[in-house]
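Peer 1: this is a predicted model, with the sequence first.
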Amino acid sequence: MNSIVEKVILENLLYNENYTRKVIPFLKDEYFQTKEDKVIYKTISEFVSKYNKLPTKEALLVDLSNNKNLTQQEYDSMLQKINDYSTSEQDEQWLVNETEKFCKDKAIYNAILESIHIIDGKSKTHTKEALPSILSDALAVSFDTNIGHDYIKDSEKRYEFYHTVEKKIPFDLEFFNDITKGGVATKTLNIVIAGTGVGKSLFLCHQAANCLIQNKNVLYITCEMAEERIAERIDANIMDITIDELKSLPKQVYAKKLFNATRGVTGKLIIKEYPTATAHVNHFRYLVNELKLKKKFIPDIIFIDYLNICASARMKQGGSVNSYTYIKSIAEELRGLAVELGVPVFSATQVNREGYNNTDFGLENTSESFGLPATADFMFAIIATEELDKRNQVMVKQLKNRYNDLATNRKFVIGINRSKMKLYNLDASAQDGLTGTGEDEDVGSEGHDNKYTSKFSVRKFKKTEDWTN
């Protein structure tokens with residue numbers, strides 16, 4: 001059967017230009033079974049690439065005759081094959097669909113063979129750790145015939161896009177909804193940056209609890225704390241009790257409080273722990289597939305706590321790989337996962353040493369790699385000081401925002417209850433000197449504040465000089 005399909009593909013590559021231009025970017029010589037078919041495909045492909053048109057039968061035979069790697073017997077066999085090619089008309093869409101199915105089947109077949117070689121220790125280029133990537137790449141083979149947006153012809157589609165309501169997951173914090181125009185969108189990487197103990201994991205747990213209450217399916221991946229510790233924080237948040245109170249509850253009271261807090265909730269929350277610095281995006285992808293198969297669970301949003309202690313699937317840390325490249329690679333892989341699954345991904349990162357003592361740090365204070373903010377769609381800092389701690393507040397500063405204009409509500413404060421692992425909205429008076437349109441700020445070409453002076457900076461931080469990044 002495969003030989004018939006391969007014959008149909010090759011003869012249409014020679015005689016059907018529209019078909020050839022659609023499928024040739026996706027075909028590979030390794031998909032064909034015999035050496036003769038591989039060589040014929042490769043010769044046609046190289047001719048099209050070089051001359052931007054189909055070869056004639058005569059031109060194809062001349063190129064094959066000049067191939068010094070062919071024996072006379074092989075050339076004669078290919079000559080017979082090419083002479084048997086016909087120009088019979090076929091439905092073009094059917095041809096494309098059958099070719100796509102052929103490519104998918106061959107990619108999976110080749111991936112399985114390669115996996116067997118790896119398992120048997122016969123591969124010189126791959127280890128067993130490469131198996132998930134090899135198989136996932138094979139399963140992802142598909143034809144994407146979209147070659148771009150035609151500005152004039154596609155204006156109607158563009159207009160419809162402008163007026164399509166984007167699917168978002170809202171926050172329960174007013175200012176976050178304001179600065180993101182209603183919440184986080186699908187296919188995005190969203191990052192919170194803060195110092196140690198300031199509230200990175202608290203924010204992620206709070207938002208995970210908020211999404212669960214909104215009946216979303218939430219996947220929380222932790223590379224730092226145990227699964228039970230994350231669940232403990234979310235328990236305290238949802239039940240609105242302190243962690244100390246949570247630990248002292250009798251079992252029946254705990255069960256009743258949890259039932260009352262989650263009554264009517266149809267979403268699910270799955271928490272999965274991985275050892276620090278060992279799990280990468282392929283582990284996360286495998287987990288999502290396993291949850292889909294075993295629990296019929298498909299996440300609406302994914303939290304990864306946190307990015308800097310994940311591993312990269314593409315490169316090994318150390319040696320010639322510096323921290324900039326390594327962390328950027330992890331960020332790109334996580335954003336790729338968000339796009340692949342069509343969900344928002346939330347994660348966190350640390351500030352560098354300069355940022356620890358800075359009450360108003362910026363993107364340049366991202367720990368280990370400036371490549372992370374270059375990849376993220378939305379990035380904000382959580383800043384704590386002694387004065388803010390006394391008021392049970394933290395300050396939020398936008399660092400990068402693809403949802404909205406950075407100048408709007410660049411900085412604001414929110415309430416924090418660390419014992420209950422909760423964040424909450426504050427009265428408008430708490431934002432005195434912080435919110436606005438940014439008219440009083442001198443914003444540089446890189447999008448950072450070059451100068452920021454407010455009543456808040458003087459009263460809360462006891463500074464009379466200007467803040468600088």
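Peer 2: Received it, and whenever you're ready, just let me know what you need.
Peer 1: use CA for all of it now, contacts and neighbours both
Peer 2: Will do.
Peer 1: what domains does the record give for the chain?
Peer 2: 2-139, 168-461 (automatic domain parsing).
Peer 1: can you say which of the ones you listed is packed in most?
Peer 2: Counting by mean count of other CA atoms under 10 Å, domain 168-461 has the highest mean neighbour count of the domains of the chain, with a mean of 18.
Peer 1: sec struct for Ala311, please.
Peer 2: Here Ala311 is coil, with the state taken from DSSP: H, G, I helix; E, B strand; the rest coil.
Peer 1: isn't it right up against Tyr274?
Peer 2: No - at 10.7 Å, Ala311 does not count as touching Tyr274 under the criterion of CA atoms under 8 Å.
Peer 1: which helix or which strand is home to the closest residue to Thr56 other than its chain neighbours?
Peer 2: Using CA to CA, 6 or more residues apart in numbering and skipping residues adjacent in sequence, the residue nearest Thr56 is Leu14, 7.3 Å away. Take DSSP states H and E as the rule and Leu14 turns out to sit in helix 2-15.
Peer 1: next one: whichever helix or strand comes after that helix to chain centre, how far?
Peer 2: Following helix 2-15 in sequence order, the next helix or strand is helix 17-23 (DSSP H and E). Relative to its chain's centre, helix 17-23 lies at 32 Å (CA atoms, centre = their mean, to the nearest Å).
Peer 1: what does helix 17-23 contact?
Peer 2: Helix 17-23 has contacts (CA atoms under 8 Å, 6 or more residues apart in numbering) with 12-14, 53-54, 92, 95-96, 99, 143, 145.
Peer 1: just the CA coordinates for it, please, in PDB.
Peer 2: The C-alpha coordinates for helix 17-23 follow below in PDB (Å, rounded to 0.1, in the frame of the first residue of the first chain):
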ATOM      1  CA  GLU A  17       2.800  22.400  -9.300                       C
ATOM      2  CA  ASN A  18       0.100  23.600  -6.900                       C
ATOM      3  CA  TYR A  19       0.300  20.400  -5.000                       C
ATOM      4  CA  THR A  20       4.100  20.400  -4.900                       C
ATOM      5  CA  ARG A  21       4.300  23.900  -3.500                       C
ATOM      6  CA  LYS A  22       1.800  23.000  -0.700                       C
ATOM      7  CA  VAL A  23       3.400  19.700   0.400                       C
END
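Peer 1: next one: the helix ranked longest in the chain to chain centre, how far?
Peer 2: In the chain, with assignment by DSSP state H, the single longest helix is helix 92-119. Using CA atoms, centre = their mean, the mean C-alpha position of helix 92-119 is found 26 Å from that of the whole chain.
Peer 1: state the mean pLDDT of stretch 277-287.
Peer 2: Averaged across stretch 277-287, pLDDT comes to 91.
Peer 1: kindly apply the preceding question to stretch 421-431 instead.
Peer 2: Averaging pLDDT residue by residue across stretch 421-431 gives 91.
Peer 1: got it, and stretch 187-194?
Peer 2: Rounded mean pLDDT across stretch 187-194 is 94.
Peer 1: please save the CA atoms from that stretch in PDB.
Peer 2: The C-alpha atoms that make up stretch 187-194 are tabulated as PDB, following Å, rounded to 0.1, in the frame of the first residue of the first chain:
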ATOM      1  CA  LYS A 187      -0.900  31.200  25.100                       C
ATOM      2  CA  THR A 188       1.100  33.600  27.300                       C
ATOM      3  CA  LEU A 189       3.900  33.400  29.800                       C
ATOM      4  CA  ASN A 190       3.300  35.500  32.900                       C
ATOM      5  CA  ILE A 191       6.100  36.100  35.500                       C
ATOM      6  CA  VAL A 192       6.200  37.500  39.000                       C
ATOM      7  CA  ILE A 193       9.600  38.600  40.400                       C
ATOM      8  CA  ALA A 194      10.400  39.200  44.000                       C
END
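Peer 1: and the residue nearest the centre of the chain, how far from Gly199?
Peer 2: Residue closest to the mean C-alpha point of the chain, counted by CA atoms, centre = their mean, is Arg335 at 2.1 Å. Counting by CA to CA, to the nearest Å, the gap from Arg335 to Gly199 is 23 Å.
Peer 1: just Glu386 next, same as before
Peer 2: 14 Å.
Peer 1: do Ala208 as well
Peer 2: 14 Å.
Peer 1: before we move on, the earlier item: give me the residues contacting the helix holding Leu14.
Peer 2: Here helix 2-15 has contacts from 19-20, 32-33, 37, 40-41, 44, 54-57, 82, 85-87, 95, 99, 102, using CA under 8 Å, 6+ apart.
Peer 1: next helix or strand past the lengthiest strand in the chain?
Peer 2: Among the segments of the chain that qualify as a strand by DSSP state E, the longest is strand 393-401. As assigned by DSSP H and E, the chain's next helix or strand after strand 393-401 is strand 411-417.
Peer 1: now do that next one: which elements does it pack against?
Peer 2: If you count contacts as 3 or more CA pairs under 8 Å, 6 or more residues apart in numbering; DSSP states H and E, strand 411-417 packs onto strand 393-401, strand 422-424.
Peer 1: name every strand pairing with that strand and say which way it goes.
Peer 2: strand 393-401 (antiparallel), strand 422-424 (antiparallel) (DSSP bridges).
Peer 1: using TSV, lay out the ones you listed together with distance to Arg263.
Peer 2: TSV is the format used below for the strands paired with strand 411-417 (distance: least, CA to CA, whole Å):
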stretch	distance to Arg263
strand 393-401	30
strand 422-424	19
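Peer 1: go through the ones you listed and name the closest to Glu245.
Peer 2: For Glu245, the closest of the strands paired with strand 411-417 is strand 422-424, at 14.7 Å, according to CA to CA.
Peer 1: show residues contacting that closest one.
Peer 2: Contacts of strand 422-424 (CA under 8 Å, 6+ apart): 172-173, 202-203, 206, 237, 414-417.
Peer 1: I'd like to know how far Thr71 sits from Ser77.
Peer 2: Distance of Thr71 to Ser77, given as CA to CA: 10 Å.
Peer 1: err, Ile118, not the other one
Peer 2: 34 Å.
Peer 1: name the nearest residue to Asp63, sequence neighbours excluded.
Peer 2: That would be Thr43: by CA to CA, 6+ apart, it lies 7.2 Å from Asp63.
Peer 1: could I get the contacting residues of the one you found?
Peer 2: Thr43 neighbours (CA under 8 Å, 6+ apart): 60, 63-64.
Peer 1: which ones among those residues map onto helices?
Peer 2: Per DSSP H, these map to helices at 60, 63-64.
Peer 1: and the helices in the stretch 201-350 of the chain, which stretches?
Peer 2: 227-239, 243-248, 251-261, 281-295, 323-341 (DSSP state H, counting those that start in this stretch).
Peer 1: next one: the stretch 351-469 of the chain
Peer 2: 353-356, 371-375, 386-390, 455-461.
Peer 1: confidence-wise, which of the ones you listed is weakest overall?
Peer 2: Minimum mean pLDDT among these: helix 455-461, a mean of 33.
Peer 1: next one: the longest strand of the chain to chain centre, how far?
Peer 2: 22 Å.
Peer 1: mean confidence for that strand?
Peer 2: Strand 393-401 comes out at a mean pLDDT of 92.
Peer 1: same question, stretch 77-95
Peer 2: Average pLDDT, stretch 77-95: 87.
Peer 1: and it, how far apart are its ends?
Peer 2: 25 Å.
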